[in-house]
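K.L.:
show me the folded form of this:
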Amino acid sequence: MDELMANDPARDDMLVLVDGLDRETGTETKLQVHVEGLLHRAFSVVLVRGGEGGPELLLAKRSMRKYHSGGLWANSVCSHPRAGERLMDAACRRVREELRCGAVDLREIAAFAYRAEFDNGLCEFEYDHVLVGRCDGEPDPDPAEASEVRWAGFDELAPELVERPEEFAAWAPMVLTMAMASCG
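P.N.:
Alright, predicted model coming up:
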């Protein structure tokens, strides 16, 4: 399993383990959390901008170098706060690292737990905080994180989520639907 995340510089980051109510229960390395399928704190950032037809959401296609879900579309940024790091600080840090732009007016709109097992034996079991905010600057994705980004309006995105769910990471349809509901 170790080789699955060999190229991930954050594989030894200490993540926050939680119970079903998002109460901290301990810490463990990112690698171990995903090998053992331990419930841990995560966040999904959705950056929004105004478009001619209404709000648009920034989608990111996960890099093929990612340890799972490579080549699939997801929300703007998906990650984990490190042990001792505040959620909003972690979200802003990861937007800068992954998209090389900023996030402003971030607010939490929802939280949910989900579990997704992958063909490579890894597992995401996350208590995911969904954050929505505005994009500050022009996204310039780190190729190790995202192979491309695109802005999508609701009229374009909603049918894609229903008709082609296989093109999206496991959590993305839930996260993006929540974001559209909060911005609509």
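
K.L.:
just the element for the residue positioned nearest the centre of the chain, please.
P.N.:
Compute the mean C-alpha point of the chain, and by CA atoms, centre = their mean the closest residue is residue 78, 1.6 Å away. Assigned by DSSP states H and E, residue 78 falls within strand 77-79.

K.L.:
and the next helix or strand after that strand, how far out from the chain's middle?
P.N.:
Following strand 77-79 in sequence order, the next helix or strand is helix 87-99 (DSSP H and E). Per CA atoms, centre = their mean, to the nearest Å, the displacement of helix 87-99 from the mean C-alpha position of its chain is 11 Å.

K.L.:
tell me what angle whichever helix or strand comes after helix 87-99 forms with helix 87-99.
P.N.:
Next along the chain after helix 87-99, taking DSSP H and E as the criterion, comes strand 102-117. If you take axes from the mean of the first three to the mean of the last three CA atoms, to 10 degrees, strand 102-117 sits at 90 degrees to helix 87-99.

K.L.:
how about residues contacting strand 102-117?
P.N.:
By CB atoms under 8 Å, 6 or more residues apart in numbering, the residues outside strand 102-117 that reach it are 20, 22, 37, 39, 45, 47, 87-88, 91-92, 95-96, 123-137, 170-171, 174, 178-179, 182. (Glycine included, C-beta is placed from N, CA and C.)

K.L.:
which residues of the chain fall in helices?
P.N.:
30-36, 87-99, 154-163, 172-183 (DSSP state H).

K.L.:
from the contact counts, what lies against the helix or strand of the chain with the lowest mean pLDDT?
P.N.:
When each helix and strand of the chain is scored by mean pLDDT, DSSP states H and E, helix 30-36 comes last, with a mean of 92. Packing partners of helix 30-36 (3 or more CB pairs under 8 Å, 6 or more residues apart in numbering; DSSP states H and E): strand 14-18, strand 123-136.
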